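In: mind looking at a prediction? Sequence and model below.
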Number of protein chains: 2
Amino acid sequence: MPRVSQDHLEARRRQILDGARACFARHGYEGATVRRLEEATGLSRGAIFHHFRDKESLFLALAEDDALRMAEVVAEQGLVQVMRDLLAGRKDDNDDEHPADWLGTRLEVSRRLRTDPDFRARWAERSEQLTKATQDRLRRQREAGNLRDDVSVEVLSDFLELVLEGLVSHLAMGLPADDLGPVLDLVEETVRRHRRNEC
Amino acid sequence: MPRVSQDHLEARRRQILDGARACFARHGYEGATVRRLEEATGLSRGAIFHHFRDKESLFLALAEDDALRMAEVVAEQGLVQVMRDLLAGRKDDNDDEHPADWLGTRLEVSRRLRTDPDFRARWAERSEQLTKATQDRLRRQREAGNLRDDVSVEVLSDFLELVLEGLVSHLAMGLPADDLGPVLDLVEETVRRHRRNEC
């Protein structure tokens, strides 16, 4: 396939994903009708389903896209930084990363995981990327002497992911979040090596 | 009103709430049709809506009922114990407290908070009970010298509630939870006073 065509395909795919992300976030999975997806993406159903087999495949691609971007940030800056970014970005709907829409996707993932065993199976492999990125980073931090060493990397990783899930749920519910900065400080301190002068 | 009649009303109300809890958990708010609510409660729509004005009122009563029971456990045993109970009870669908159904209610609350501003306003006052119960207990623990004193009760309470939200979300999604015991140990240790011999 010629290079120009590949670029075009990728741009079109990105256009569909961005529009669909906003649409799923606003209307939920069931509420995101084909007509609404057409409006949100500015493309015909023919064009949309040329790139994605069906609505389910589109939603999975979207959720996977979000999870990959998150794993990249985790690898570079850690999961606590992902949480800080979520907190800082939640009011800015025009942000390039669409944090509000990202939250909507994530909550739709949560809801479908609960009600749809097939979806759960398809999602399981995708969600492992985040855990792997988190544990890899924690191991590097431990080698650098920055991590507490009385708790395993697996437990620390599970702890951070649990707090992330809580934060996503909290933000997605539109609950007050102005005071959560110090909570994330506490979370970060919990995984770090305790300093001598605290004793 | 004669006593016997009040007892009868309360028993009937309980019967409706228990049936509706299972129904909402299984089908979601929108999916819990009047016909399904009749099946789940074993009562006619006339009997159900004699006790609750409409489906919205029934759902709010249910969510409030769950929040109150949770606040009671928090007052006596703390929020970490609520989380341990959730973890221990998740596999036992026949448990008296219906932990699995309780999770379903809670996730429906989350979803509606996100999509329905009116519901958000009605829910806000109800959810304060849990925060108050948590902070009251933390203050008593601080007075007893069991709590770390370098972080405010408000931040510790927000931290615990955030982890609870994460746990609820995690369990409601049906994700693996066998390894979360040590994570809750870590959470509990984080709010407690650090012991000398850790230095």
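Out: Arrived safely, thanks for sending. Here the structure is a predicted model, which means the values were calculated and not measured.
In: shouldn't residue A:25 be in contact with residue A:103?
Out: Yes: when contacts are counted by CB atoms under 8 Å, residue A:25 is listed as touching residue A:103 (7.2 Å). Glycine gets a C-beta too; all of them are placed from N, C-alpha and C.
In: tell me how many other residues surround residue A:20.
Out: By the measure other CB atoms under 10 Å in any protein chain shown, the count of residues near residue A:20 is 24.
In: can you list the buried residues in the host helix or strand of it?
Out: Using DSSP states H and E, residue A:20 sits within helix A:3-31. With burial defined by 16 or more other CB atoms under 10 Å in any protein chain shown, the residues of helix A:3-31 counted as buried are A:12, A:15-25, A:27-29.
In: looking at those residues, which is nearest residue B:122?
Out: Comparing the buried residues of helix A:3-31 against residue B:122 with CB to CB places residue A:28 closest, at 20.2 Å.
In: so how far is the next helix or strand after the helix holding residue A:20 off the chain centroid?
Out: Next helix or strand after helix A:3-31 toward the C-terminus (DSSP H and E): helix A:34-41. Centre-to-centre, helix A:34-41 and its host chain are 23 Å apart (CA atoms, centre = their mean, to the nearest Å).
In: can I get helix A:34-41 in PDB, CA atoms only?
Out: Once non-C-alpha atoms are left out, helix A:34-41 reads as follows in PDB (Å, rounded to 0.1, in the frame of the first residue of the first chain):
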ATOM      1  CA  VAL A  34     -25.000   5.000  14.400                       C
ATOM      2  CA  ARG A  35     -26.700   8.400  13.600                       C
ATOM      3  CA  ARG A  36     -25.000  10.000  16.600                       C
ATOM      4  CA  LEU A  37     -21.700   8.500  15.600                       C
ATOM      5  CA  GLU A  38     -22.100   9.900  12.100                       C
ATOM      6  CA  GLU A  39     -22.800  13.400  13.600                       C
ATOM      7  CA  ALA A  40     -19.900  13.200  16.100                       C
ATOM      8  CA  THR A  41     -17.300  12.000  13.500                       C
END
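In: other SSEs contacting that helix?
Out: If you count contacts as 3 or more CB pairs under 8 Å, 6 or more residues apart in numbering or on different chains; DSSP states H and E, helix A:34-41 packs onto helix A:3-31, helix A:45-51, helix A:55-77.
In: what would these look like in JSON lines with distance to residue A:148 and mean pLDDT?
Out: JSON lines is the format used below for the helices and strands packed on helix A:34-41 (distance: least, CB to CB, whole Å; pLDDT from 0 to 100):
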{"stretch": "helix A:3-31", "distance to residue A:148": "37", "mean pLDDT": "86"}
{"stretch": "helix A:45-51", "distance to residue A:148": "46", "mean pLDDT": "95"}
{"stretch": "helix A:55-77", "distance to residue A:148": "19", "mean pLDDT": "87"}
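In: nearest to residue B:156, of these?
Out: Minimum separation from residue B:156 across the helices and strands packed on helix A:34-41 (CB to CB) falls at helix A:55-77, 25.8 Å.
In: using CSV, write out every CA atom in the helix or strand of chain A with the lowest mean pLDDT.
Out: Taking mean pLDDT, DSSP states H and E as the measure, helix A:99-115 is the helix or strand of chain A with the lowest mean score, a mean of 71. In CSV, the C-alpha atoms belonging to helix A:99-115 read as follows (Å, rounded to 0.1, in the frame of the first residue of the first chain):
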residue,chain,number,x,y,z
PRO,A,99,-9.6,13.9,29.7
ALA,A,100,-13.3,14.3,30.2
ASP,A,101,-14.1,12.0,27.3
TRP,A,102,-11.4,9.6,28.3
LEU,A,103,-13.2,9.3,31.7
GLY,A,104,-16.4,8.6,30.0
THR,A,105,-14.8,5.8,28.0
ARG,A,106,-13.3,4.3,31.1
LEU,A,107,-16.6,4.3,32.9
GLU,A,108,-18.3,2.7,30.0
VAL,A,109,-15.6,0.0,30.1
SER,A,110,-16.4,-0.5,33.8
ARG,A,111,-20.1,-0.8,33.1
ARG,A,112,-19.7,-3.3,30.3
LEU,A,113,-17.2,-5.4,32.2
ARG,A,114,-19.9,-5.9,34.8
THR,A,115,-22.7,-6.8,32.5
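In: now stretch A:164-182: buried residues?
Out: Those would be A:164-173, A:175, A:177, A:180, for stretch A:164-182 by 16+ other CB under 10 Å.
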